[in-house]
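J.: Sequence below, structure please.
(chains A and B)
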There are 2 protein chains.
Amino acid sequence: MDSRLSGRVCHRHCLSIFHHRPDARSVVRQGRVAGGEGGHAVYHQLAGGHVRPDGDWPVRLVQTRLWRRGGGEHARILVADANRDAGGIRHRLSDQLVAREIGPEGKDVTLTDRLALTVPIFQAPMAGVSTPALAAAVCEAGGLGALGLGSSNAETARTMIRETRERTTRPFNVNLFVHADPAEDWPRETAWLKALGHSFAEAGAEPPDALRTIYRSFAHDDAMLAMLLDEKPAVVSFHFGLPDAGRITALHEAGCLLLATATSPDEARAAERAGIDAIVAQGFEAGGHRGIFDPDGHDEQLGTLALTRLLASRCSVPVIAAGGIMDGAGIRAALDLGAIAAQLGTAFIACPESAADDGYRAALTGEAAEHTIMTRAISGRPARALANRFTRLGSSIDVPPPDYPRAYDAGKALNAAHKAKGEAGFGAQWAGQGAPLIRAMPASELMAQLRRELHDVR
Amino acid sequence: MDSRLSGRVCHRHCLSIFHHRPDARSVVRQGRVAGGEGGHAVYHQLAGGHVRPDGDWPVRLVQTRLWRRGGGEHARILVADANRDAGGIRHRLSDQLVAREIGPEGKDVTLTDRLALTVPIFQAPMAGVSTPALAAAVCEAGGLGALGLGSSNAETARTMIRETRERTTRPFNVNLFVHADPAEDWPRETAWLKALGHSFAEAGAEPPDALRTIYRSFAHDDAMLAMLLDEKPAVVSFHFGLPDAGRITALHEAGCLLLATATSPDEARAAERAGIDAIVAQGFEAGGHRGIFDPDGHDEQLGTLALTRLLASRCSVPVIAAGGIMDGAGIRAALDLGAIAAQLGTAFIACPESAADDGYRAALTGEAAEHTIMTRAISGRPARALANRFTRLGSSIDVPPPDYPRAYDAGKALNAAHKAKGEAGFGAQWAGQGAPLIRAMPASELMAQLRRELHDVR
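T.: The predicted model follows:
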């Protein structure tokens, strides 16, 4: 039998396959794992109730990926039981044979190990709200801090990364927007600006003459890619979609671990096929921009509980649950649903380290926290925000907003005009459905509180 | 100090107050718990880190309820910290002093104790799908089985209760619809029937000339009330709203434990104030009819994770989580979020004991399970169903459906017409967002499987 491939059962009754000799690389490249010698080796090693005799369990090669990280070679091989077609699988928990990453010594390396996390908490990236100070505080407390770079250009983003590195040597996540290029639809934009006109007038201001595409999608931002390949952040995450294979390969070769948001099983499948290392399962509860790839397509509106369980049951990569999680009880629930960690966004906004302004903080810690709404009016893409004057205005407008992020140009201008007159109700006050449970305290204290709560639930 | 009232800290850092001498009844009736001798006794007994000196913690009486059950007298007293007004409470977990029910011996009695459940699983009532056989199988397996009586008259309901009692002596839940009376809006109904016309024609049938109000709301069903007071089911649950105080009192005096569905904190508060014993927190993931009290009012669309945590943090009564829960991992997550149990609906529909027809079962266990939609087209009230020909037709109609349940009269007629021609795609195929995880097996086996999974998660 082929000793170049051996396996062991991981905790979800799946097979871990690893190679530990460089010459196995050719086996993977040639796709010979399926049904041949490699296949025999695979199922000969099964344990934990799944042992089958040699030659009795043909496997079908699904995906392979090889890359270099550090000084060694890593492989990931995904195989599936060739006796079952994908449509017929009802009991997925035990059907899929899953490859895990291993290092050159042959030892299984989990995502949590790689990031040296001491508590299964990811801070949500939250462009415009997260800061180097917030990210670093989360990292220093043993979680994965994050920066939202989607609204920054490459040089501003580099500065944020370096400022974070002055505060922590631990890994952190940088998040990029991978949205489709917006249509520049002059009639639609004119109608939208006209619909906002009376509100600008109330603030004693004029709407902009024209809208601009204020954020460049990472899909086309070569300067951002070059900067990331230079700075080599430990984790890079994608929101709104996936970059092309070239960018993914380049970031992997730079040593970055890649995450992507998925709001449905289809999106998660696309991310896995693209080589993404872990999925952020963003449920309907989540605050801020919804990561759905196609905002004009069908939205299943999957809640965090259902989505997390569906993806944890089916994905071959780890899943992080996001949306509505505010405390240790929610984190524990996420883990019990099969996630390896929980991502919290709203929970951190009232920390002094966040960039939220006073109006936003007051809204979050008062009665306004009880009502959120999913709206496209602020930015052009669906996003969950505290109900405020802007969201109510948006609900009253009959014409569709321009594409993201061109509508956001108008939204920011409207907010700026009203803020200048002391009116805070036109802010982009993103918040998830758990907002009433928010706590205002320094991030390090909040992390300590979350850690205590997480242990208390047991 | 007043020894008639003493307390102890329950697991959620709340005070349990119980009385164990009949003469304490007068104390409660006179509302003297707050701030007086009763108050002193309350906080003198605090433990677990909440001890305050005598006289230092005034309490405010919120609610009292006394009733007789069995041979003894029970009391429930809800007090709150008078130093904090309701709007200012941000850390509810430790603020509220909560009274629990106790029996005549003074021992604390939890809901799970009362129902003698051996596993924290409630079967969702599901009118039209649940059956005495299904309910009894769940009961016999240690959970709380249920019958959906909302679509039945009093005598049919009585028969179902008795059939269930022939199969089990354990407690079960009977569910009633407490919807508002529908408007009989002839223009709207005419327009709706016209919009369905081509679909009836496709099935070679005529639409009904007029619609009927096919279900009587429990709010006005005196025959149903009389039958329930006679049969005395252990648990009675309300969906779509709350009956009046008279019906609630009558059912309590008959010894029934009362549950009500809540889709928001406001609805949960209303249920608590009305004297409901436990809340079913129905999240946006849930299949079937959404229990929202006012379907034309604002819907926060709270996901199961967020809703369960919000209600478990704030309610003075136990919370049962419902919506998207399909397996032991989901049940464990519900408990982590603070629920005392999980209610599962979709998970049981593929059991042979359910009344689901072949078309429904095939849809649930195939590709169609991947897509659900919240629609009013089938019945007039929002309900989550598998996407099928009926839901697609509904999405294409511009006019609003008649009120529930008059629209349901049309929906049932349309389905009957198409089924007669062998077309299953117009069924009311209710399903939650967890439907892809469904398992088809007898209910007793499913319960055993859920029990194993629930323990495996630990």
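
J.: top helix in chain A by residue count?
T.: Ranked by residue count, the top helix of chain A under DSSP state H comes out as helix A:186-202.

J.: Could you check that helix and say which residues are buried?
T.: Using 16 or more other Cβ atoms under 10 Å in any protein chain shown as the burial criterion, the residues of helix A:186-202 that qualify are A:188, A:189, A:191, A:192, A:193, A:195, A:196, A:199, A:200. Where you see a C-beta, it was placed from the backbone N, CA and C, and this is true even at glycine.

J.: contacts for it?
T.: A:206-208, A:210-211, A:393, A:397-402, A:406-407, A:410, A:413-414, A:417-418, A:426 (Cβ atoms under 8 Å, 6 or more residues apart in numbering or on different chains).

J.: cutoff 6 Å now
T.: Residues outside helix A:186-202 that contact it (Cβ atoms under 6 Å, 6 or more residues apart in numbering or on different chains): A:207, A:211, A:393, A:397, A:399, A:401, A:402, A:414, A:417.

J.: ok, then the element right after the strand or helix carrying the last one?
T.: Looking back up the chat, that one is residue A:417. Following DSSP states H and E, the helix or strand that holds residue A:417 is helix A:406-420. Sequence-wise, the next helix or strand downstream of helix A:406-420 (DSSP H and E) is helix A:443-456.

J.: Can you work out which other helices and strands pack against that following helix?
T.: The contact analysis (3 or more Cβ pairs under 6 Å, 6 or more residues apart in numbering or on different chains; DSSP states H and E) places helix A:443-456 against helix A:132-140, helix A:328-336.

J.: so the last one versus helix B:328-336, what angle?
T.: Helix A:328-336 and helix B:328-336 meet at an angle of 170 degrees, taking axes from the mean of the first three to the mean of the last three Cα atoms, to 10 degrees as the criterion.

J.: if you look at helix A:328-336, does any of it touch chain B?
T.: Yes - looking at helix A:328-336 against chain B by Cβ under 6 Å from any Cβ of the partner chain, the contacts come from A:329, A:330, A:332, A:333, A:336.

J.: what is the rounded mean pLDDT of the helix or strand following that helix?
T.: As assigned by DSSP H and E, the chain's next helix or strand after helix A:328-336 is strand A:341-344. Averaged across strand A:341-344, pLDDT comes to 97.

J.: what's strand A:341-344 in contact with?
T.: A:120, A:122, A:124, A:280, A:320, A:321, A:322, A:325, A:331, A:334.

J.: after the helix or strand of chain A with the lowest mean pLDDT, next one along is what?
T.: Sorting the helices and strands of chain A by mean pLDDT, DSSP states H and E puts helix A:92-95 at the bottom, at a mean of 24. Remark: after helix A:92-95, the chain's next helix or strand is helix A:111-115, criterion DSSP H and E.

J.: Let's see that next one as PDB, backbone CA atoms only.
T.: These are the backbone C-alpha positions of helix A:111-115, laid out as PDB (Å, rounded to 0.1, in the frame of the first residue of the first chain):
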ATOM      1  CA  LEU A 111      -6.800  27.200  12.200                       C
ATOM      2  CA  THR A 112      -6.900  28.100  15.900                       C
ATOM      3  CA  ASP A 113      -3.400  26.700  16.300                       C
ATOM      4  CA  ARG A 114      -2.100  28.700  13.400                       C
ATOM      5  CA  LEU A 115      -3.400  31.900  14.800                       C
END
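
J.: Show the subsequent helix or strand relative to that helix.
T.: Using DSSP H and E, the helix or strand that follows helix A:111-115 towards the C-terminus is strand A:121-123.

J.: Close to chain B: what parts of chain A are there?
T.: Counting by Cβ under 6 Å from any Cβ, chain A sits next to chain B at A:283-285, A:302-306, A:309, A:324, A:329-330, A:332-333, A:336-338, A:433-434, A:457.

J.: rewinding a little: now the residues of helix A:328-336 next to chain B as TSV including distance to residue A:361, pLDDT and neighbour count?
T.: Formatted as TSV, the residues of helix A:328-336 next to chain B follow (distance: Cβ to Cβ, whole Å; pLDDT from 0 to 100; neighbours: other Cβ atoms under 10 Å in any protein chain shown):
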residue	distance to residue A:361	pLDDT	neighbour count
A:329	24	95	26
A:330	21	97	32
A:332	27	95	24
A:333	27	97	34
A:336	32	93	25
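
J.: Tell me if I am right that residue A:384 is in a helix.
T.: No - read with DSSP: H, G, I helix; E, B strand; the rest coil, residue A:384 is strand and lies in no helix.

J.: Next one, pLDDT for it please.
T.: Looking at residue A:384, the pLDDT reads 98.

J.: cool, residue A:316 as well?
T.: 81.

J.: now it: how far from residue A:423?
T.: Per Cβ to Cβ, to the nearest Å, residue A:316 is found 50 Å from residue A:423.

J.: More neighbours: the two, which one.
T.: residue A:316 (19 against 15; other Cβ atoms under 10 Å in any protein chain shown).

J.: Against residue A:269, how distant is the more buried one?
T.: 10 Å.

J.: and stretch A:323-343, how far from the chain's centre?
T.: Averaging C-alpha positions (Cα atoms, centre = their mean, to the nearest Å) puts stretch A:323-343 14 Å from its chain's average.

J.: what's residue A:431 in contact with, if anything?
T.: A:287, A:346, A:372, A:386.

J.: Who's the closest spatial neighbour of residue A:430, skipping the chain neighbours?
T.: Closest residue to residue A:430 apart from its sequence neighbours, by Cβ to Cβ, 6 or more residues apart in numbering or on different chains: residue A:288 at 4.0 Å.

J.: give me phi/psi at the one you found?
T.: phi 80, psi -160 (degrees, to the nearest 10).

J.: How much space separates it from chain B?
T.: 14 Å (Cβ to the nearest Cβ, to the nearest Å).

J.: go on, residue A:248?
T.: Separation of residue A:248 from chain B (Cβ to the nearest Cβ): 26 Å.

J.: Tell me how many other residues crowd that residue.
T.: 21.

J.: sec struct for the nearest residue to it once chain neighbours are set aside, please.
T.: Distance criterion Cβ to Cβ, 6+ apart; nearest residue to residue A:248, sequence neighbours excluded, is residue A:275 at 5.3 Å. Following three-state DSSP, residue A:275 is assigned to coil.
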